[in-house]
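Enquirer: When you get a sec, could you give me coordinates for this:
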Amino acid sequence: MRREFWRTCWAIVAVVFVALPHLPHMHPWITVLLLGAAGWRLGAAEYGWRLPGPKLRVPLVFMSLAGVAWNYHRITGIEAGSALLLVMLALKLLETRTARDRSLISIICFVLMFAAFLREQAIWSIAYLAVGVGLCLVALLQADNHAHGLPVRATLRNAGRLFVQALPLMALLFLLFPRVPGPFWALPTHAGNAATGLADTVSPGDITALGRSDEVAFRVRFSSAVPEPAERYWRGPVMSYFNGTAWSWRLRGVGPEDNALPPSTGRAYDYQITLEPHNRRWLLALESPVSWDHKDASYSPDWQLINEEPVVDKLSYQARSVTGGSLAVPESERYLQAMQHLPASSNPRASTLARKLRGEHSNDRAYLDAILRMFSNEAFFYTLTPPPLETDPVDSFLFDTRSGFCEHYASAFAVLARAGGIPARLVTGYLGAESNPLGDYWIVRQSDAHAWVEVWLDNRWQRYDPTGAVAPERVQLGMDGAIPNMGRSALTLARRNALVGQLLFSIDAINAAWDKWVLGFGPDAQLALLAQLGISRPDVKHLLIGTLVGCGTFLMLLAWALARPTRRVTDPLLALYRQFAAQLATVYRPAQATEGPADYARAASAAHPGLGPEITAITNLYLQARYESNARALAELRSRIREFKAK
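Expert: Numbers count the residues shown, from 1 in each chain. All right, here's what the predicted structure looks like:
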């Protein structure tokens, strides 16, 4: 009975451990069902409680299936599938009677661990998987109906041995098995809470909180040259529509054809971006992208990269961009007129200011420069915590508060440009990047979120960043240079410490390597790695053959190693004597196969009279301990052999 109890305990420990990552996402009744079934099964093993019969189990099965379908409106997917597995596991505990039943519970636990990896793919999940696999192996080994059971130490040792033996097989499958495009664990339900520093609308104050966020927006690796700080504009949503308060992003029509890409007039940069999930369709790229390798990406009419579906998983793509701050692209007169539109009754003081400046500067470029000089020369302030704005936010900012963040200046500049008859639109994205020297890549954080303006001059869209007129250090040095301390998080300030910064860079480099070589190990990464190993561009058939041959060879070698007879000495007394004989053989010959201990001692003593008394004494002690079970002789034998020196 006690053995049955401990077998059940091991199974329930494995069940609870693999269920822990799922329970916070489950409806409470599923947790109650699982824990209740575990408690009932323990009571049955310890106190002989009667397990429920078919008359209770069958209704429980149908009620549980109906509950899952009712709560999740489906029985597939990460959430519903995990709930179904947990329900099955709970019900299986209530009918566990044989070794086969306990083994099946361990197998279900393995599947649940994989389901947990679908939800959480951070690097710490390696530790969870390793411990979970170990517990499931222990429960599986204990499940067998041994007469006396397996000792805990022996079970742990066997589980560890199985785990280590499986590692080469796992590595072979990971390296050689054909990869499918995109992470095979990516199901479209687990990124619903993904956050981004950019939104569909922008009004003064929206991006303020992002200055305090250290969350990574994306990482980028440049193939060769790295653009200067003033060129690190990462183009995101283009806000073309203004209602007097907020700017909004709308995807207008169909994008240009590939052969209509903007001409490459500036310096080109090649890079690879690993984009964090943000649950939006837009992609980020250095201004202005001219080529990319992501097949689901395309240009929008506003010359930004758009994905076919929302980005709900980490996404890696390579691109080439040309910097220069302008886009020589064709635009229709109708669209350009729309980019001059302002609501008639909004921000009247800004419209009056625009008419005044326009009367003083008939040239478009001179008019825009006058706006920049106003921001630079008058009492405007760059701050992370601007005061609240009134009904007409642009008027309130320009004439009352005069304190703001990037979207305040960009919005005001775009409104003044439109009021002066110049087509203008707001562009949001990120400005800057922080180098991680440990990983040879750059980090763009949510605190780098930025807004600037594009105006139509000389038949091209040209970038104007009015924030640079007020706080040029924001463009050259990033957020830390513009606002060293104000409003920054404790983690941001701690990163400036050399030791803490080095530690955080190390952690980020490890996470980046995990993303690249594990989560992002798709067909391209697999082919690149195999090419480094001397295997150039294998097709699926070759990969499958290599997988079968490699795994088959490993399994045959493992079977041969396990089938080899062992020569371990399990007799501690014989091991002591062999230790003595090995030392004696250094000055005399080894003992022959037909030569007993007494004969060997006489021959060795005759050859080395000086060692004769010690050889004879040790041999006599061995014979006494062997044939007379003399405990005192055994203790003295250990001491004599330890002190014996063959010379």
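Enquirer: Just confirm Ser82 is within a helix.
Expert: Yes. Using DSSP: H, G, I helix; E, B strand; the rest coil, the secondary structure at Ser82 is a helix.
Enquirer: For it, the count of nearby residues, please.
Expert: 25 (other Cβ atoms under 10 Å). Heads up, the C-betas are built off the backbone N, CA and C, glycines and all.
Enquirer: roughly how far apart are it and Pro388?
Expert: As judged by Cβ to Cβ, to the nearest Å, Ser82 and Pro388 stand 44 Å apart.
Enquirer: which stretches of the stretch 201-350 of the chain have low pLDDT?
Expert: In the predicted model, the stretch 201-350 of the chain carries pLDDT under 70 at residues 205-213, 252-265.
Enquirer: can you give me the strands in it?
Expert: For the stretch 201-350 of the chain, the strands defined by DSSP state E, counting those that start in this stretch occupy 201-202, 216-222, 233-239, 241-242, 247-248, 268-275, 285-286, 289-292, 297-299, 305-307, 315-322, 326-327.
Enquirer: Mean pLDDT per helix and strand in the chain: which one sits at the bottom?
Expert: helix 490-494 (a mean of 58; mean pLDDT, DSSP states H and E).
Enquirer: List the buried residues for stretch 316-324?
Expert: With burial defined by 16 or more other Cβ atoms under 10 Å, the residues of stretch 316-324 counted as buried are 316-317, 319-324.
Enquirer: so which strand or helix has Leu543?
Expert: Element membership for Leu543, per DSSP states H and E: helix 540-563.
Enquirer: Quick check: phi and psi at the closest residue to Asn243 other than its chain neighbours.
Expert: Spatial nearest neighbour of Asn243, excluding adjacent residues (Cβ to Cβ, 6 or more residues apart in numbering): Pro343 at 6.3 Å. Main-chain torsions, Pro343, degrees, to the nearest 10: phi -60, psi 140.
Enquirer: correct me, but Pro343 touches Tyr241?
Expert: No. Counting by Cβ atoms under 8 Å, Pro343 sits too far from Tyr241 to count as a contact (10.7 Å).
Enquirer: More neighbours: which of those two?
Expert: The neighbour count for Pro343 versus Tyr241, taken as other Cβ under 10 Å, is higher for Tyr241 (16 against 11).
Enquirer: List the contacts of that one.
Expert: 247-250 (Cβ atoms under 8 Å, 6 or more residues apart in numbering).
Enquirer: For beta bridges, what are the partners of it?
Expert: Ser248 (DSSP bridges).
Enquirer: how far away is it from Leu555?
Expert: 63 Å.
Enquirer: Okay, now the unreliable bits of this protein?
Expert: By pLDDT under 70, the weakly predicted segments of the chain are 1-3, 144-150, 180-197, 205-213, 252-265, 474-498, 520, 565-570, 629-630, 647.
Enquirer: how is it carved up into domains?
Expert: 2-150, 201-343+420-499, 523-562, 572-643 (automatic domain parsing).
Enquirer: for those, which one sits closest to Ser396?
Expert: Nearest to Ser396, of all those, is domain 201-343+420-499, at 8.4 Å by Cβ to Cβ.
Enquirer: and the gap between Ala528 and Ile123?
Expert: Taken as Cβ to Cβ, the span from Ala528 to Ile123 is 21 Å.
Enquirer: try Pro386
Expert: 38 Å.
Enquirer: which of those two has more neighbours?
Expert: Legend: neighbour count by other Cβ under 10 Å for Pro386 and Ile123, higher for Pro386 (19 against 15).
Enquirer: now the more buried one, what's its secondary structure?
Expert: Pro386 ends up coil, using three-state DSSP.
Enquirer: The one 5 residues further on too?
Expert: Remark: Thr391 carries the secondary structure label coil [criterion: three-state DSSP].
Enquirer: okay, now the residue lying closest to it once chain neighbours are set aside: neighbour count?
Expert: In this structure, Thr391 finds its nearest non-sequential neighbour in Thr245, 7.9 Å apart by Cβ to Cβ, 6+ apart. Thr245 sits with 17 neighbouring residues when counted by other Cβ under 10 Å.
Enquirer: State the distance from Thr245 to Gly236.
Expert: 21 Å.
Enquirer: need the contact list for the nearest residue to Ala591 once chain neighbours are set aside.
Expert: Nearest non-adjacent residue to Ala591, counting by Cβ to Cβ, 6+ apart: Tyr600, 4.5 Å away. Residues in contact with Tyr600 (Cβ under 8 Å, 6+ apart) are 581, 591-592, 619.
Enquirer: Write the PyMOL selection for whichever of these are buried.
Expert: The PyMOL command for the buried members of the contacts of Tyr600 (criterion: 16+ other Cβ under 10 Å) is given here:
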select buried, resi 581+591+619
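Enquirer: Just the closest of the contacts of Tyr600 to Phe110, please.
Expert: Ala581 (49.7 Å).
Enquirer: quick one: what helix or strand has that closest one in it?
Expert: helix 572-584.
Enquirer: Alpha carbons of that helix, in CSV - could you do that?
Expert: The C-alpha coordinates for helix 572-584 follow below in CSV (Å, rounded to 0.1, in the frame of the first residue of the first chain):
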residue,chain,number,x,y,z
PRO,A,572,34.8,-4.5,-2.2
LEU,A,573,37.2,-7.0,-0.7
LEU,A,574,38.4,-8.2,-4.1
ALA,A,575,38.7,-4.6,-5.2
LEU,A,576,41.1,-4.0,-2.2
TYR,A,577,43.2,-7.0,-3.1
ARG,A,578,43.4,-6.0,-6.8
GLN,A,579,44.6,-2.5,-5.7
PHE,A,580,47.4,-4.2,-3.7
ALA,A,581,48.3,-6.5,-6.6
ALA,A,582,48.4,-3.6,-9.1
GLN,A,583,50.9,-1.7,-6.9
LEU,A,584,53.0,-4.8,-6.4
